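> got a sequence here, can you build the structure:
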Amino acid sequence: MAKVIMIQGTMSGAGKSLLVAGLCRIMKRDGYRVAPFKSQNMALNSFVTEEGLEMGRAQVMQAEAAGITPLVCMNPILLKPTDHTGSQVIVNGQVLGNMSAREYFSYKRGLIPDIKRAFRKLEEMADIIVIEGAGSPAEVNLRENDIVNMGLAEIVDAPVLLAGDIDRGGVFAQLLGTLLLLTEEEKKRVRGLIINKFRGDRSLLDSGIEILEEKGGIPVTGVVPYMDIRLEDEDSLTERFRKKEKRKIDIAVIRYPRISNFTDFNVFEQIPEVSVRYVASAAELGCPDMVFLPGSKNTMSDLDWMRGRGLEAAVIKMAENIPVCGICGGYQMMGEHISDPEGMENGGTMKGMGLLPVTTRLKREKVRRQVHGTVNKMEGFFSILSGLEFNGYEIHVGDSGHSPNKSELLNMETAFVTGRNKNVCGTYIHGIFDRAAIANALVTALAENKGLFIESCIDYKDFKEKQYDKLADILSEYLNMEEIYGILREAHIR
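Predicted coordinates:
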């Protein structure tokens, strides 16, 4: 059966996701069949597998690094926050229901059989499984029902590498404090410490590392520098929302409170002449060259939020002169009405922005599917996309039909819906801009609107492959891979 190693962190954002991805790429290049695993993920950025099952995008990124197809068994439990105290619980890619934090805390031990089955499925196809923890294993109030950190390590008998984030400061206290709060049996599982995101002269750490190893009794297996790696990060901790300077082509994305799947715009961030700004007010919006309305976990509440901030009126006015595109929840907002007869969100009926001739009816059943085809014939600005091949995936609650006299729904053969204003369009398809031809055509057209020529467009798939290799090169240099492989050789075979 597969050998196992687990990356845990002293806190959220310690860099676990990238460390797992990097180890997956290193081990793949060394000739092993390797797969990622995270028993429970909390994220609003999700993906749909070939089987139509939903999983967290972090494990999709790690699967890409490992060179394998993403499978829902890599992330059997996904929590999608609905508010500050509750989440939609997705098990094995399908919605189980909404639960409060307290309800889920009491329920989650019952999901251990699902975790075990998912893990066994991965064992059948991998030589090595690299597991990612969540948050910190030292959250003593959560230890009793833990299924994602030391609780999971015990279930699958995994040795652990513990990573601390020196960029936030106090890394020695992070690592030693975490070890102090572990039980003796848990501490025995920690076989190495990683100091992550280091900037500066490595030799200045030497005395601190000596004290850390002496007091902790565990060797430091690597000091990893702060890396300029442009891959997906955890959506709850992303730095993408920080204020950015405008570039030649300026794209604005509306950052409502329940924004989801903003990974749709990662491709544009990799083009040097393009800025992608996430804006939360009409003042921040400024005068962009294009506006995107992204996905939302609660379309009606986020549209109401836009109205209160003056963003709806600003976007409607801008649509007279610049292109505006809505994706998934953003597409639903741009229609004429949204009805919620089953109370999936706010209940009742809500007027939309009126930019697209569609009405949306929210339903209990979630649409989950991968799609591909050819972009339908379009007019106006978006005509440059007509006839291009696309692929992507849909995750949405509800259907959107043409209004008022047609009931035909947007289907997998129709990529976009346009309005009477030829500057606007909407789609249910996430990832549609990852296709090089579509992203490049869009940026080229935006540049031509301004009398500019953009030469450096991008093949996003090729770009990500180079980033995975860059990540693996850096980790190979700064992690003690000989020691890590030694830990794997000593790991038990279940």
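> now the helices for the stretch 1-150 of the chain?
Counting by DSSP state H, counting those that start in this stretch, the stretch 1-150 of the chain has helices at residues 16-29, 57-66, 101-107, 112-123, 150-156.
> can you put those helices in TSV and add distance to Leu162?
C-beta: built from backbone N, CA, C; applies to glycine. Rendered in TSV, the data for the helices of the stretch 1-150 of the chain read as follows (distance: least, CB to CB, whole Å):
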stretch	distance to Leu162
helix 16-29	10
helix 57-66	19
helix 101-107	24
helix 112-123	21
helix 150-156	11
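> so which of the ones you listed gets nearest Phe292?
Ranking these by their distance to Phe292 (criterion: CB to CB) puts helix 57-66 first, at 17.7 Å.
> and for the closest one, what's in contact with it?
Under the contact criterion CB atoms under 8 Å, 6 or more residues apart in numbering, helix 57-66 has outside partners 17, 20-22, 24-25, 27-28, 34-38, 41, 43, 45-47, 69-71, 74-75, 130, 132, 231-232, 234-235, 263, 464, 468, 471-472.
> tell me which of those fall in strands.
Among those, DSSP state E puts Val34, Ala35, Pro36, Phe37, Asn41, Ser46, Phe47, Val130, Glu132 in strands.
> in PyMOL, how would I select the buried members of those?
The buried subset of the ones in strands among the contacts of helix 57-66, as determined by 16 or more other CB atoms under 10 Å, is captured in PyMOL by this line:
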select buried, resi 34+35+36+37+41+46+47+130+132
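> spatially, which two of the ones in strands among the contacts of helix 57-66 are the most separated?
Greatest spatial distance among the ones in strands among the contacts of helix 57-66 (CB to CB): Val34 and Ser46, at 22.7 Å.
> before we move on, back to that, just the buried residues of the contacts of helix 57-66.
17, 20-22, 24-25, 27-28, 34-38, 41, 43, 45-47, 70-71, 74-75, 130, 132, 231-232, 234-235, 263, 464, 468, 471-472.
> how many neighbours does Leu442 have?
The burial count assigned to Leu442 is 25, neighbours taken as other CB atoms under 10 Å.
> which residues touch Phe268?
With contact set as CB under 8 Å, 6+ apart, Phe268 has these partners: Ile251, Val274, Val276, Phe433, Ala439, Val443.
> name the SS class of Leu442, please.
helix (DSSP: H, G, I helix; E, B strand; the rest coil).
> what pLDDT is listed against it?
We have a pLDDT of 95 for Leu442.
> what do you get for the one 10 residues further on?
The model reports Leu452 with a pLDDT of 92.
> right, and it touches Val274 too?
No. Checked against CB atoms under 8 Å, the pair Leu452 and Val274 is beyond contact range at 11.2 Å.
> which one of those two has more residues nearby?
Just comparing Leu452 and Val274: by other CB under 10 Å the higher neighbour count belongs to Val274, 27 against 13.
> let me see the ranges of the helices in the stretch 151-300 of the chain.
In the stretch 151-300 of the chain, helices defined by DSSP H, counting those that start in this stretch lie at 171-181, 184-189, 206-216, 266-269, 282-285, 299-309, listed in chain order.
> could you give me the average pLDDT of the first one?
Right, helix 171-181. 97.
> returning to what we had before: is it possible to get a markdown table of the contacts of Phe268 that adds distance to Leu96?
Putting those into a markdown table (distance: CB to CB, whole Å) gives the following:
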| residue | distance to Leu96 |
| --- | --- |
| Ile251 | 36 |
| Val274 | 39 |
| Val276 | 34 |
| Phe433 | 31 |
| Ala439 | 35 |
| Val443 | 40 |
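> for Val140, state which of these is nearest.
Val276 (39.7 Å).
> and the closest one, what's its pLDDT?
According to the per-residue confidence, Val276 scores 96 in pLDDT.
> now Ser236
55.
> and the one 10 residues further on, by the same measure?
In the predicted model, Lys246 carries a pLDDT score of 90.
> hmm, it is touching Arg277, no?
Yes. Applying CB under 8 Å as the test, Lys246 and Arg277 come out as touching, 7.3 Å apart.
> and the gap between Leu452 and Leu442?
Distance, Leu452 to Leu442, by CB to CB, to the nearest Å: 14 Å.
> make that Val358, sorry
With distances defined as CB to CB, the gap from Val358 to Leu442 amounts to 22 Å.
> how far away is the closest residue in space to Ala21 that isn't next to it in sequence from Leu19?
Distances taken as CB to CB, 6 or more residues apart in numbering put Ala65 closest to Ala21, at 4.1 Å, once the chain neighbours are dropped. In this view, Ala65 and Leu19 are 11 Å apart by CB to CB.
> do Ile155 as well
In this structure, Ile155 and Leu19 are separated by 21 Å, where distance is defined by CB to CB.
> okay, these two: which has more neighbours?
With other CB under 10 Å as the criterion, Ile155 and Leu19 differ in neighbour count, and Leu19 comes out ahead with 24 against 16.
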